[in-house]
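Colleague: fold the following.
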Amino acid sequence: MAKKGKRYRAALELIGSADGPIDVGTACDLLKKTALAKFDESVDLDVRLGVDPRHADQMVRGTVALPHGMGKEVRVLVLASEGKQQEARDAGADHVGLDDLADKIQKQGWTDFDVVIATPDVMAVVGRLGRVLGPRGLMPNPKSGTVTMDVAAAIAEVKAGKIDFRVDKAGIMHTAIGKASFSSVQLKENAEAFLKEILRLRPAAAKGTYVRSITISTTMGPGIAMDRNEVLSSLR
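Modeller: As a prediction, the model looks like this:
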């Protein structure tokens, strides 16, 4: 195991010196103090759930609009027929097209974008891209609002901070909720919006403890484990 640097060890000491149970607000305050890298780190939230995603009735997937966005420019690709392409350009899409871009994705493995929005009438073309887009979590889906005829509204939502999330095979929900340059209040409100949506989406088939652990961290910093009981009681 590689030896951690001075900044990392200093961050661990700060976390270890915290008094009492760590709620969302306290965790975000600590995170701001431990964000010691020389660049604007991403802030990640990891929630371990008591679900088995191998069973369809225990899959947790959804979208949420973060109140303060992600702190980065979201690159949007729109795959649509010619009749909707100008609407997508006018709404601020970064890449717009259909067959040409689908070929680029399929043949070159091109994924220089963060979100893919498609109109329902071109899903036969989009379906062929599943091998490239699927493993990266980029496949458009009606449930997440990324398969729609109202491409302008979908682009606006994504650019404003709407994120798509899905539990992984290990039952862990991992997402970025902002940047280290955000205020602790902004991070707290983004984290709470995400956690509330996770709670709302609890599958009926999930038995026992649903939220097992919650950890927040920066790209280069140690994880800050929150007191799950403290967090859940504050969200109700």
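
Colleague: residue ranges of each domain in the protein, please.
Modeller: With domains defined by automatic domain parsing, the chain comprises 20-69+163-235, 76-159.

Colleague: report the distance from the last one to the chain centre.
Modeller: Computed by CA atoms, centre = their mean, to the nearest Å, the separation of domain 76-159 from the middle of its chain amounts to 18 Å.

Colleague: do a quick rundown of the helices in the protein.
Modeller: Remark: helices assigned in the chain by DSSP state H are 6-16, 24-34, 82-90, 99-108, 123-126, 130-133, 151-160, 184-200, 228-235.

Colleague: state the pLDDT value of the residue nearest in space to the middle of the chain.
Modeller: The centroid of the chain falls nearest to Thr175 when counting by CA atoms, centre = their mean (3.6 Å). In this prediction, Thr175 carries a pLDDT score of 92.

Colleague: test my guess that it contacts Phe165.
Modeller: Yes: counting by CB atoms under 8 Å, Thr175 touches Phe165, with 5.1 Å between them. All C-beta atoms are positioned from the backbone trio N, CA, C, and that covers glycine.

Colleague: which residues do the two both contact?
Modeller: Residues touching both Thr175 and Phe165 (CB atoms under 8 Å, 6 or more residues apart in numbering): Phe194.

Colleague: in stretch 157-172, which residues are buried?
Modeller: Within stretch 157-172, the residues that qualify as buried by neighbour count (16 or more other CB atoms under 10 Å) are 157-159, 161-165, 167, 171.

Colleague: which stretches of the chain have low pLDDT?
Modeller: For the chain, residues meeting the criterion pLDDT under 70 lie at 1-5, 11-12, 14, 17-19.
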